[in-house]
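*Asks:* compute the structure for the input listed below.
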Amino acid sequence: MKKLLIGLGVVVALLVAVVVVVSFIPLDRYKGEIQARVKEQTGRDLRIDGDISLSLFPPVAISVENVGFANAPGASTAEMATIDRLDVALQILPLLSGEVAIDRFILEKPVINLEVDAEGKPNWQLETAGSAAAPSGESGSGSGSGSGGEAASVSELRLGDVRLVDGTLNYLDRQSGQQMTVSEVNMELSLPSLSSPFAAEGSAVWNGEKVSLEVDAANPRALMAGEASNLAMKVDSAPVTFSFDGAARNAGAVGLQGKLSLDVPSLRQLAAWTGNPLDFPGDGLGPFNIAGDLEMMGSKVALTQAQIKLDDITGQGLFSVDASGAKPMIKAELTVDQLNLNPYLPPEQEGATESQGASSGASSGGGEGGGEGGDWSDEPIDVSALGALNADLAFNAGGIQFKDVKIGQSKLTVVLKDSKLTADLAEMQLYDGSGKGKVVVDGSGAKPAIAADFDLVNSQAGPFLNDLA
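*Replies:* Prediction:
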């Protein structure tokens, strides 16, 4: 204990001596030295046009203003990053026991410009002197990482005033032409200790819409140790709202278990907002809601007890994806009360029936063999996509409406395994009768094989043909 106290006394004395010395040093004199070191390590220029202030009285605090970091040669902007002001205050004494206590970390108006050039090289790939030796120098990544990892272990973390104020992120991919800007980025973090609740709250503007984010974790220390902790997340915007409330675990693979909710006022508006407008007929694809129990562990995701609503269609079901094997396995079961397909069909056009009749008559008399446009295509059927995954799907409907055709209770299962697809229509109530059928598409061989079998019993042909017409 005596040696420990002496050691702490020496450290405190050294800190006091450094404070006295540094208080008389004009920090602006060292701008050139800092810029030279950054140039040496990154190959790019660092601009410091503002003041630098340093205080070693507890806590240690440093403030830098008007900073810029040069972009890669040929980039669309001169600087990859600019910062109006960086203000950091850190407690020194807790570091002796492996604790990190940040009293203040404020980043004001950072602008980050990320860019990928025409050859696919990102501008955040720096030409450093150490990067060339890293692949061959095992000591730089092997033994060094082990000791560094032990030295860098943190027993405690405390965050005081941690904020990002009015940030901007620009992204440009010259290969794909993709361009994106996220502006007005604001974020606040709160963490009294690793055993206390962590909270993050912020917002940003993307494509003209404000998106808010909230994250709450009950016990960050448990997450770091691979144990479970309560976790709540919410993303809120006009086009979409997402929330999760449950538990998380970080043990090798990230795991989530809890209640999930997704609310979309309009799928068409959401698609347009993300830059992928839906070219889909009809006036459907409006409000969409889904809620259920989410369970995710690594590459396995399942949503059970799901309640689904799309436009006027309501249903229940379960969905799961297992991507841990050689092929992804998808399982889904959906049950709906009534399925009205009319909102998703193109609108009727006046005179369509007459024009279709005239065209069919003309084509039928166009010559032997059916004429142009009347022949079946002799192009080989490509069923290679059947080998991309395995699936087990089930669909149940209390009733289906297609234009004026009304179908009753229906049950359909689709099984895809090893490039062989089997669609089994086990039940279909149709105009006082019933029907069933099966379609098999086998793409496992050199040539695809297709077989179909349908059976319709006691259906009233008159009403069916009348509605069909």
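*Asks:* from now on I want contacts and neighbour counts done on CA atoms only, so please keep to that.
*Replies:* Noted.
*Asks:* next one, pLDDT for residue 391 please.
*Replies:* With respect to pLDDT, residue 391 scores 94.
*Asks:* list the buried residues of the helix or strand hosting it.
*Replies:* Take DSSP states H and E as the rule and residue 391 turns out to sit in strand 390-397. By neighbour count on 16 or more other CA atoms under 10 Å, the buried set for strand 390-397 is 390, 391, 392, 393, 394, 395, 396, 397.
*Asks:* and the gap between the first one and residue 207?
*Replies:* Per CA to CA, to the nearest Å, residue 390 is found 37 Å from residue 207.
*Asks:* repeat that for the second one.
*Replies:* Shown here: residue 391 relative to residue 207, a distance of 36 Å by CA to CA.
*Asks:* just the CA coordinates for the lengthiest strand in the chain, please, in CSV.
*Replies:* When the chain is parsed with DSSP state E, its longest strand is strand 156-173. Output in CSV follows, covering the C-alpha atoms of strand 156-173 (Å, rounded to 0.1, in the frame of the first residue of the first chain):
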residue,chain,number,x,y,z
GLU,A,156,-15.4,1.5,-16.4
LEU,A,157,-16.7,4.2,-18.8
ARG,A,158,-18.5,7.4,-17.9
LEU,A,159,-19.8,9.9,-20.4
GLY,A,160,-20.8,13.3,-19.4
ASP,A,161,-21.8,15.9,-22.0
VAL,A,162,-21.3,14.0,-25.3
ARG,A,163,-22.9,15.8,-28.3
LEU,A,164,-22.6,16.0,-32.1
VAL,A,165,-24.1,19.3,-33.3
ASP,A,166,-25.3,20.0,-36.8
GLY,A,167,-23.3,17.5,-38.7
THR,A,168,-23.4,16.7,-42.4
LEU,A,169,-22.5,13.4,-44.2
ASN,A,170,-22.0,13.4,-48.0
TYR,A,171,-21.6,10.1,-49.9
LEU,A,172,-20.7,9.8,-53.6
ASP,A,173,-20.0,6.6,-55.6
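*Asks:* and for the helix or strand following it, what's in contact with it?
*Replies:* Moving toward the C-terminus from strand 156-173, the next helix or strand (DSSP H and E) is strand 179-191. Contact with strand 179-191 is made by 157-173, 197-207, as judged by CA atoms under 8 Å, 6 or more residues apart in numbering.
*Asks:* cool, and stretch 211-227?
*Replies:* 194-205, 228-238, 248-252.
*Asks:* which among those end up buried?
*Replies:* Buried among these by 16+ other CA under 10 Å: 194, 197-205, 228-236, 248-250.
*Asks:* filter these down to the ones in strands?
*Replies:* Per DSSP E, these map to strands at 198-205, 228-236, 248-250.
*Asks:* okay, residue 246 and residue 293: tell me how far apart.
*Replies:* In terms of CA to CA, residue 246 sits 9 Å off from residue 293.
*Asks:* got any residues that touch both of those two?
*Replies:* Joint contacts of residue 246 and residue 293 (CA under 8 Å, 6+ apart) are 257, 258, 259.
*Asks:* from residue 251, how far out is the second one?
*Replies:* This means residue 258. Relative to residue 251, and taking CA to CA, residue 258 is found at 17 Å.
*Asks:* and what of the last one?
*Replies:* Note on residue 259: its distance to residue 251, by CA to CA, is 21 Å.
*Asks:* check residue 129 and give its pLDDT.
*Replies:* 50.
*Asks:* number the residues from 42 up from this point.
*Replies:* Right, with 42 as the first residue, what we last looked at is residue 170.
*Asks:* count of neighbours near residue 324?
*Replies:* Using other CA atoms under 10 Å, residue 324 is surrounded by 14 other residues.
*Asks:* got the contact list for it?
*Replies:* 384, 385.
*Asks:* show me where this structure has its helices.
*Replies:* 43-63, 72-83, 170-174, 179-182, 184-192, 261-265, 308-314, 393-405, 502-509 (DSSP state H).
*Asks:* now the last one: average pLDDT?
*Replies:* The average of the pLDDT scores along helix 502-509 is 73.
*Asks:* one more: the longest one?
*Replies:* Helix 43-63 shows a mean pLDDT of 47.
*Asks:* roughly how far out does stretch 101-108 sit from the chain middle?
*Replies:* Centroid displacement of stretch 101-108 relative to its chain, using CA atoms, centre = their mean, to the nearest Å, is 34 Å.
*Asks:* no wait, stretch 301-317
*Replies:* On CA atoms, centre = their mean, the centre of stretch 301-317 falls 14 Å from that of its chain.
*Asks:* what about that stretch, average pLDDT?
*Replies:* 95.
*Asks:* residue contacts, the closest residue to residue 479 other than its chain neighbours?
*Replies:* Once flanking residues are discounted, residue 479 sits nearest to residue 465: 4.5 Å by CA to CA, 6 or more residues apart in numbering. Listed by CA under 8 Å, 6+ apart, the contact set of residue 465 reads 453, 454, 455, 477, 478, 479, 480.
*Asks:* mind running it again at 7 Å?
*Replies:* By CA atoms under 7 Å, 6 or more residues apart in numbering, the contact list for residue 465 reads 453, 454, 455, 478, 479, 480.
*Asks:* before we move on, what about residue 101?
*Replies:* Here residue 101 is in contact with 130, 131, 132, 133 (criterion: CA under 7 Å, 6+ apart).
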